[in-house]
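[1] my questions concern the predicted model and sequence given below.
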Amino acid sequence: MDKKKIFLIVESVLCFIIAAFFATSALIIYNKGLAVKAADPTAWIYTREIAGKYLLICLPVIVVTLVMAFVGIFAGIRDDSQDKPVKNIDMKKAKELDDNGRKKQATVLTIVRVAVLVVAVTLIVVGIFNGSMRDVLIKAATICTECVGLG
C-alpha cells in the first residue's frame with residue numbers, strides 16, 4: 001500500500017470515529033434528558049452547555065481530522081480511481097450453487113436493502129413507544145392551523 005492510500009484510509013476512519021461519537025453523545029444526552037424530564041417536566045434539558053461538554057471531549061479528533069483534510073487538499077492527495085467508472089459490477093442476482101446444488105439468490109444490494117428496512121421499522125417502533133408520534137402529530141396540527149390562519 002502506498003502512503004496516499006494509507007492517508008485516505010486513516011482520514012476515513014477518523015471521520016467514522018467522529019460520526020460514531022456524535023451518535024453516542026446524542027443518545028447519552030437524550031437518555032439523561034429523559035431522566036431529568038421525568039423528575040421535572042418543565043426543565044430545559046437540551047442546552048448548549050451540555051452539547052459543548054460532549055463536543056469538547058471529541059475536539060482533538062475533530063481538529064486532527066480537519067488538519068489532515070487540509071494537508072490532503074494542499075498536498076494533492078486524492079484517490080486516483082474516484083473519477084473512473086467502476087468495472088465488473090453485476091447488479092443482477094448472483095446465481096451460485098450451494099451445497100445441495102440449488103441456486104443462491106442473494107446479493108449484497110438485497111442484504112443492504114433488508115438491513116435498511118429493518119433499521120427503519122425499528123426506529124419507527126421506538127418512536128411510537130417513546131411518545132414521539134404524539135408530539136409530531138401535535139406539531140403538525142399546530143403548523144397546519146397556523147398556516148390556514150386559525151391559530
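    Yes, it's here.

[2] A19 and S132, how far apart?
    22 Å (C-beta to C-beta, to the nearest Å). C-beta: built from backbone N, CA, C; applies to glycine.

[3] the more surrounded of these two?
    S132 (13 against 10; other C-beta atoms under 10 Å).

[4] check that one and give its pLDDT.
    On pLDDT, S132 comes in at 82.

[5] just checking, I17 touches V64?
    No. If you go by C-beta atoms under 8 Å, I17 and V64 don't touch, sitting 10.0 Å apart.

[6] residue ranges of the helices in this protein, please?
    In the chain, helices defined by DSSP state H lie at 3-39, 48-75, 108-129, 132-148, listed in chain order.

[7] make JSON lines from these and add distance to Q82 to it.
    Rendered in JSON lines, the data for the helices of the chain read as follows (distance: least, C-beta to C-beta, whole Å):
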{"stretch": "helix 3-39", "distance to Q82": "10"}
{"stretch": "helix 48-75", "distance to Q82": "13"}
{"stretch": "helix 108-129", "distance to Q82": "21"}
{"stretch": "helix 132-148", "distance to Q82": "39"}
